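A.B. asks: 3D, please:
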Amino acid sequence: MKKLILIALLASCPLLPILAQEGSDEVGVWSEIGVEKAITKNWDAGLDFEYRAQNKSRLSAGLSTSYKVNKYLKLGIGYNFLYSYRPDKYKEKNTKEEDPDNYYIGYNHTPEYWFPRHRFSVEATGSIKLWKWLKVSLRERYQLTHCKARSVDKLKVRQAYTTKVDMLWLEPGPDDDPFDPKFWEATPVYNYDVPDGEPTETWESELKPAFTDQVLRSRIKLEFDKKRNPFSPFISAEFHNSVSKGDHMLLQKIRTAAGVSYKFRKHNEVSLAYILTLDMYDVEFNYDLSNNITRDVVRLHDRMHAINVSYKYSF
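C.D. replies: Numbers count the residues shown, from 1 in each chain. Next comes the predicted model:
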């Protein structure tokens, strides 16, 4: 057990510079429940459901099957239906720097909405046991996620402003010379930020383009696995690399986990883990002025802290 803790500390050292970077932090709870059926000695199939309670919540249901080629290699395929939530979003708009004399100030508001995605995956897992208690596994998973085009309503609120100029004329006093040139010219007085009419509100439909995302997920996992011991502490690290056209193995995420699983009454298993996800890069799909789909790579520094609770019944 002490060796496993030491390995976990050493494995986390490369992540310290990333954790020290600026960025946003989010906390969530991920819950899973699954059923697994052994069809033959080496072939099984499973059904699982998951809910991620976080800012961008997600519901998912999945079907999977796997075949154990030998004691070192296991192959699997799966399908997941994802139903994702996007919270309402505000974006400020201000054109004063572009035209300080006639400009508008306002915001765009996109209400919350849900949208579906479809995910397919194939994977190969190689594993080996060391010192009769440490199970080391490496999993390579290729996943393809497809999202159909969708229309999203957006509210645009605008308040127009203008800059008015008033001419100020000086009037000579009883002791002033009325022929002094300063009384012949008017001095402009600028009156900034004068509202021009009432605020306007307009609803528009924004078309989100369809996209297909392809990712190679590489995970290494260390697990305490000793016979007749129901507790299995584990740690893992997973790297999400985009293999979509033009991305060239772009590192999108690093996901680490540390937890423990407990088996009881032969068929039941519960697990509790802490999961840290580091969002490195993301790819945004949009329409340009020519109505062509554009792909923009966005640099991120976001961190997701999640508590994962799961239950699985095997028979």
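A.B. asks: residue ranges with poor pLDDT in the stretch 101-250 of the chain?
C.D. replies: By pLDDT under 70, the low-scoring segments of the stretch 101-250 of the chain are 167-170, 178-184, 186-192.
A.B. asks: Just the strands from it, written as ranges.
C.D. replies: For the stretch 101-250 of the chain, applying DSSP state E, counting those that start in this stretch gives strands covering 102-110, 113-130, 134-147, 150-168, 187-195, 200-208, 211-224, 231-242, 250-264.
A.B. asks: Could you dump these into TSV and include mean neighbour count?
C.D. replies: In short, each C-beta sits where N, CA and C put it, glycine included. Formatted as TSV, the strands of the stretch 101-250 of the chain follow (neighbours: other C-beta atoms under 10 Å):
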stretch	mean neighbour count
strand 102-110	16
strand 113-130	14
strand 134-147	16
strand 150-168	14
strand 187-195	10
strand 200-208	11
strand 211-224	17
strand 231-242	18
strand 250-264	16
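A.B. asks: can you redo those as CSV with distance to W43?
C.D. replies: Below are the strands of the stretch 101-250 of the chain laid out as CSV (distance: least, C-beta to C-beta, whole Å):
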stretch, distance to W43
strand 102-110, 46
strand 113-130, 15
strand 134-147, 18
strand 150-168, 38
strand 187-195, 71
strand 200-208, 40
strand 211-224, 22
strand 231-242, 23
strand 250-264, 21
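A.B. asks: So which of these is nearest N80?
C.D. replies: Closest to N80 of these, according to C-beta to C-beta: strand 113-130, at 4.3 Å.
A.B. asks: Give me the sheet partners of the closest one and which way each runs.
C.D. replies: Taking DSSP bridges as the criterion, strand 113-130 pairs within the sheet with strand 73-86 (antiparallel), strand 134-147 (antiparallel).
A.B. asks: Identify whichever of the strands of the stretch 101-250 of the chain lies nearest to E32.
C.D. replies: With respect to E32, and counting by C-beta to C-beta, the nearest of these is strand 250-264 at 11.9 Å.
A.B. asks: Now do the nearest residue to P116 once chain neighbours are set aside: how many residues are near it, please.
C.D. replies: The spatial neighbour of P116 that comes closest, neighbours along the chain excluded (C-beta to C-beta, 6 or more residues apart in numbering), is Y83 at 5.4 Å. Residue neighbour count, defined by other C-beta atoms under 10 Å, stands at 14 for Y83.
A.B. asks: List the beta-bridge partners for Y83.
C.D. replies: With DSSP bridges as the criterion, Y83 is bridged to L59, P116.
A.B. asks: Was I right to think it contacts L59?
C.D. replies: Yes. If you go by C-beta atoms under 8 Å, Y83 and L59 touch, sitting 4.4 Å apart.
A.B. asks: distance of N55 from S24?
C.D. replies: Summarising the geometry, the distance separating N55 from S24, computed by C-beta to C-beta, to the nearest Å, is 10 Å.
A.B. asks: got it, and P209?
C.D. replies: P209 sits at a distance of 26 Å from S24 (criterion: C-beta to C-beta).
A.B. asks: More neighbours: which of the two?
C.D. replies: Neighbours of P209 and S24, each counted by other C-beta under 10 Å, are more numerous for P209; the result is 16 against 11.
A.B. asks: Surely that one is in contact with S151?
C.D. replies: No. Look at P209 against S151 with C-beta under 8 Å: they stay out of range, at 10.9 Å.
A.B. asks: Spatially nearest residue to A38, not counting backbone neighbours?
C.D. replies: Of all residues beyond its chain neighbours, the one nearest A38 is D44 (4.8 Å), with distances taken as C-beta to C-beta, 6+ apart.
A.B. asks: likewise E238?
C.D. replies: Excluding its sequence neighbours, the residue lying closest to E238 (C-beta to C-beta, 6+ apart) is R219, at 3.9 Å.
A.B. asks: give me the beta-bridge partners of that neighbour?
C.D. replies: Each beta-bridge partner of R219 is listed here: R139, E238, as defined by DSSP bridges.
A.B. asks: who's in contact with it?
C.D. replies: Shown here is R219, whose contacts under the criterion C-beta atoms under 8 Å, 6 or more residues apart in numbering are 138-139, 141, 236-239.
A.B. asks: Out of the residues you listed, which two sit at the greatest distance?
C.D. replies: Every pair in these was compared (C-beta to C-beta); the two farthest apart turn out to be R141 and A237, at 13.9 Å.
A.B. asks: Right, I'll leave it there.
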